[in-house]
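**Student:** Sequence first, predicted coordinates after that:
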Amino acid sequence: MGVLDGKVAIVTGAGRGIGREIALYFAREGAAVVVNDLGGAVDGSGSGDVAEDVVQEIRAGGGTAVSNSASVATAEGGRSIFETAMENFGALDILVNNAGILRDKTIFKLEESDWDEVMAVHLRGHFCCTKPFAVYIRETGRQDCRIINFSSVSGLFGNFGQSNYGAAKAGIAGFSRVLALELKKYACTVNTISPGAATRMTIPLMEARGRPQAADAPERSPAQVAPVVTWLASPAASDITGQIFHVSQGRVGIMQQPAVVRSFEKSGAFFTLEELDQVMPTLAEAKRARDLEVRELAKPEKLSV
Ligand SMILES: NC(=O)c1ccc[n+]([C@@H]2O[C@H](COP(=O)([O-])OP(=O)(O)OC[C@H]3O[C@@H](n4cnc5c(N)ncnc54)[C@H](O)[C@@H]3O)[C@@H](O)[C@H]2O)c1
């Protein structure tokens, strides 16, 4: 008995890294999995057969899976991934939008193509894969579906040299908040993951910063993300939607979402510049105090098992 018995799932970018671990975990928990991956290089160039390799691994372990090598970055690709689920399994319950690439450069060197490609795979890719699923949910009235999207500290906190990727990943958080509202009526939850793991995407970055990564160390392994995503995909998570979970360093945490932390009002008139000389530093101070409070709250607690 698995927590995903009878469910059909798509995991994009599941040929390597975090997505591969999710596909393997889903299959072990009983889901029939569409393993999507274009199989290209980390910058999005080229293609390869990595999706089929993961399918063979799942089948060898007694699981059910089919591969799809379309790009998530086009509507045609998104449609093909959705149709692969329909043609092979006749239904769809879970979509994990995990595929991603990097083209890191500071704004001084960033070319239009670096911006467009990263936006296309991440932000547009989330849209292209989600749209057919959302329409299917509405047209068939299928209940209790799950969408799990992939953001990043780059978009949620900011990271030097990643304005294209950070903008796309912040956009994904916004996309997810809206989807959670739009799909609530169908009991479909939409949550977002902010992962941290040693994969081909992060190992070179961390090495360049003098912090070598071991993908097999439990606190850096991409495998740590899979149980959290599986739990969110399972019936246990039916009441959790519109949230961002940070999974990194062997920890799982819930993120604060944008919120007003202090405000002033003035009836019948706009603030003058002189009044803002007082109000704005007070607001900035309130934010600093709130950040400190949240930093305390976020300190990891040991789970006794
Ligand atoms: N590893 C981390 O610490 C980290 C941190 C923040 C966010 N993320 C996000 O997590 C997700 C997984 O990243 P990862 O670290 O496992 O990277 P990865 O490079 O190991 O895996 C990403 C996979 O996506 C596939 N892919 C790329 N473009 C595609 C396309 N157009 N269509 C289909 N597949 C495509 C790649 O071929 C690759 O196998 C990404 O969205 C990434 O941005 C990762």
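**Tutor:** Yes, it's here.
**Student:** For the protein, what lies in contact range of the ligand?
**Tutor:** Residues of the chain lying close to the ligand by Cβ under 6 Å from any ligand atom are 12-13, 15-19, 36-40, 42, 44, 50, 71-73, 98-101, 121, 150, 152, 195-197, 199-202, 222. For every residue, glycine as well, the C-beta is placed using N, CA and C.
**Student:** Restricted to helices, list the residues you listed.
**Tutor:** Gly17, Ile18, Gly19, Val50 (DSSP state H).
**Student:** Test my guess that the third one contacts Val11.
**Tutor:** Which is Gly19. Yes - between Gly19 and Val11 there is a contact under Cβ atoms under 8 Å: 5.3 Å.
**Student:** joint contacts of these two?
**Tutor:** The overlap between the contact sets of Gly19 and Val11 (Cβ atoms under 8 Å, 6 or more residues apart in numbering) consists of Val96, Asn98.
**Student:** And the helices in the stretch 51-200 of the chain?
**Tutor:** Along the stretch 51-200 of the chain, the stretches classed as helices by DSSP state H, counting those that start in this stretch are 75-89, 112-119, 125-140, 153-156, 163-182.
**Student:** could the ones you listed go into TSV alongside mean neighbour count?
**Tutor:** Below are these laid out as TSV (neighbours: other Cβ atoms under 10 Å):
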stretch	mean neighbour count
helix 75-89	18
helix 112-119	16
helix 125-140	19
helix 153-156	20
helix 163-182	20
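**Student:** Same list (those helices) but as TSV, adding mean pLDDT.
**Tutor:** Supplementary listing: those in TSV, determined by pLDDT from 0 to 100:
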stretch	mean pLDDT
helix 75-89	98
helix 112-119	98
helix 125-140	98
helix 153-156	97
helix 163-182	98
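**Student:** Go through those helices and name the closest to Ala233.
**Tutor:** Closest to Ala233 of the helices of the stretch 51-200 of the chain is helix 125-140 (Cβ to Cβ; 13.3 Å).
**Student:** which residues touch that closest one?
**Tutor:** Contacts for helix 125-140 (Cβ under 8 Å, 6+ apart): 10, 12, 71-75, 77-79, 81-82, 92, 95, 97, 99, 142, 145, 147, 149, 172, 175, 179, 182-183, 186, 188.
**Student:** ditto for stretch 153-167
**Tutor:** 102-107, 110, 114-115, 118-119, 122-123, 152, 168-173, 194, 196, 244, 246, 255.
**Student:** For this protein, name the helix or strand with the lowest mean pLDDT.
**Tutor:** Taking mean pLDDT, DSSP states H and E as the measure, the chain has helix 203-208 as its least confident helix or strand, at a mean of 85.
**Student:** Buried residues of the helix or strand following that helix, list them for me.
**Tutor:** Downstream of helix 203-208, the next assigned helix or strand under DSSP states H and E is helix 225-233. By 16 or more other Cβ atoms under 10 Å, the buried positions in helix 225-233 come out as Val225, Ala226, Val228, Val229, Thr230, Leu232, Ala233.
**Student:** Apart from its neighbours in sequence, what residue is nearest the second one?
**Tutor:** So that's Ala226. Once flanking residues are discounted, Ala226 sits nearest to Tyr25: 3.8 Å by Cβ to Cβ, 6 or more residues apart in numbering.
**Student:** got it, and the fifth one?
**Tutor:** Using Cβ to Cβ, 6+ apart and skipping the chain neighbours, the partner closest in space to Thr230 is Tyr25 (5.0 Å).
**Student:** just to revisit the earlier point, how about TSV for the helices of the stretch 51-200 of the chain, with distance to Val3 added?
**Tutor:** Output for those, formatted as TSV (distance: least, Cβ to Cβ, whole Å):
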stretch	distance to Val3
helix 75-89	18
helix 112-119	34
helix 125-140	20
helix 153-156	28
helix 163-182	21
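**Student:** Of those helices, give the one that comes closest to Pro281.
**Tutor:** helix 153-156 (25.7 Å).
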